[in-house]
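> predicted model and sequence below, questions to follow.
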Amino acid sequence: MKRKLENIFKRLYSVWGPQYWWPADSIFEVILGAILTQNTSWSNVEKAISSLKAKKLINAAKLYRLPQSKLASLIRSAGYYNIKAARIKSFLKFFFDHYAGKTKLMGKQDLPTLRAQLLEVKGIGPETADSILLYAFKKPIFVVDTYTKRILSRHGLAEVEVDYPQLQDIFMRNLKSNVEMFGEYHALLVKLGKDYCRKRNPKCEICPLSAFA
DNA sequence: CACCAGGCAAGTA
DNA sequence: TACTTGCATGGT
């Protein structure tokens, strides 16, 4: 399995190169994006981020003061805007209660503690927590998503019923811990999923992981 | 028109 | 505990 996972990464990276995740100007912006992109295309998230930027609201203190309904209307384009506004608000409460609204302070916390804390926040599940840990705080954790699961199961590397922690373990037990590589690997799997491994995708058999490529 | 996107929590039995 | 449903805009 170790060799297979390494080869998958080499193959994907040689085909597509670095993916430059996570596009953002600050740690806090990564966190907002991680919540906004839940089950949502990144292009829709970009519009929401832009509307926040236009109002200079990529700022924890300002957002904490902003009424939830105002926030909801600003992030409308990201979809699920009422839910996501509530989730951002619940993160902000946690952020100020525990870390004074300072990403620098939060980043000093150790990985297991921080992960457990994030999972306590209503609206932050495993993928969102791990995305924040890896891409915002540069902690060495492997992010797993529905594409990861689908790709591994289609290639016979995991059971269809495999759950998030099991899938994450497959990568973390077999790969050397490396923040840059973890970030690229996950991003490359997402690209592979989008381009070739969608739920119903006729291109599945010609994906770069197939023998002929 | 149908389908899906860089999930998560609440509801149901 | 194990399944199902709600959330919602915007691109293909």
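Yes, it's here. Numbers count the residues shown, from 1 in each chain, chains lettered A, B, ... in the order given.

> now the residue nearest the centre of chain A: how far from A:Arg65?
Centrality entry for chain A: nearest residue to the mean C-alpha point is A:Ser131, 3.6 Å, by Cα atoms, centre = their mean. Per Cβ to Cβ, to the nearest Å, A:Ser131 is found 26 Å from A:Arg65. All C-beta atoms are positioned from the backbone trio N, CA, C, and that covers glycine.

> same check, this time on A:Leu114
With Cβ to Cβ as the criterion, A:Leu114 and A:Arg65 are 25 Å apart.

> between those two, which is the more surrounded one?
Taking other Cβ atoms under 10 Å, A:Leu114 and A:Arg65 do not tie; A:Leu114 has more neighbours (21 against 10).

> need the pLDDT of the more buried one.
A:Leu114 carries a pLDDT score of 98 in this model.

> who's in contact with the residue of chain A found nearest DNA strand C?
As assessed by Cβ to the nearest atom of the strand, DNA strand C sits closest to A:Gly79 within chain A, at 2.7 Å. Taking Cβ atoms under 8 Å, 6 or more residues apart in numbering, we find A:Gly79 in contact with A:39-40, A:44.

> format the residues you listed as a markdown table; extra columns: distance to A:Lys53.
Formatted as a markdown table, these follow (distance: Cβ to Cβ, whole Å):
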| residue | distance to A:Lys53 |
| --- | --- |
| A:Asn39 | 23 |
| A:Thr40 | 18 |
| A:Asn44 | 15 |
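
> mind checking which of these land in strands?
If you go by DSSP state E, the contacts of A:Gly79 have nothing in strands.

> buried only: go through those residues for me.
Neighbour-count burial (16 or more other Cβ atoms under 10 Å) is assigned, among the contacts of A:Gly79, to A:40, A:44.

> let me know how buried whatever residue of chain A ends up closest to DNA strand B is, in neighbour terms.
Residue nearest to DNA strand B within chain A (Cβ to the nearest atom of the strand): A:Gly125, separated by 2.2 Å. Neighbour count of A:Gly125, defined by other Cβ under 10 Å: 13.

> name the SS class of the closest residue in space to it that isn't next to it in sequence, please.
Spatially, and ignoring its direct neighbours in sequence, A:Gly125 is nearest to A:Leu119 (7.3 Å; Cβ to Cβ, 6 or more residues apart in numbering). Three-state call for A:Leu119 (DSSP: H, G, I helix; E, B strand; the rest coil): helix.

> which residues touch A:Leu119?
Listed by Cβ under 8 Å, 6+ apart, the contact partners of A:Leu119 are A:125-126, A:129.

> and A:Leu12, by the same measure?
For A:Leu12, the contact set (Cβ under 8 Å, 6+ apart) comprises A:185, A:188-189, A:191-192, A:208-209.

> reformat those residues as CSV; add neighbour count, distance to A:Leu71 and secondary structure.
Output for those, formatted as CSV (neighbours: other Cβ atoms under 10 Å; distance: Cβ to Cβ, whole Å; DSSP: H, G, I helix; E, B strand; the rest coil):
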residue, neighbour count, distance to A:Leu71, secondary structure
A:Tyr185, 22, 33, helix
A:Leu188, 22, 33, helix
A:Leu189, 25, 31, helix
A:Lys191, 18, 30, helix
A:Leu192, 22, 34, helix
A:Pro208, 17, 40, coil
A:Leu209, 19, 41, coil
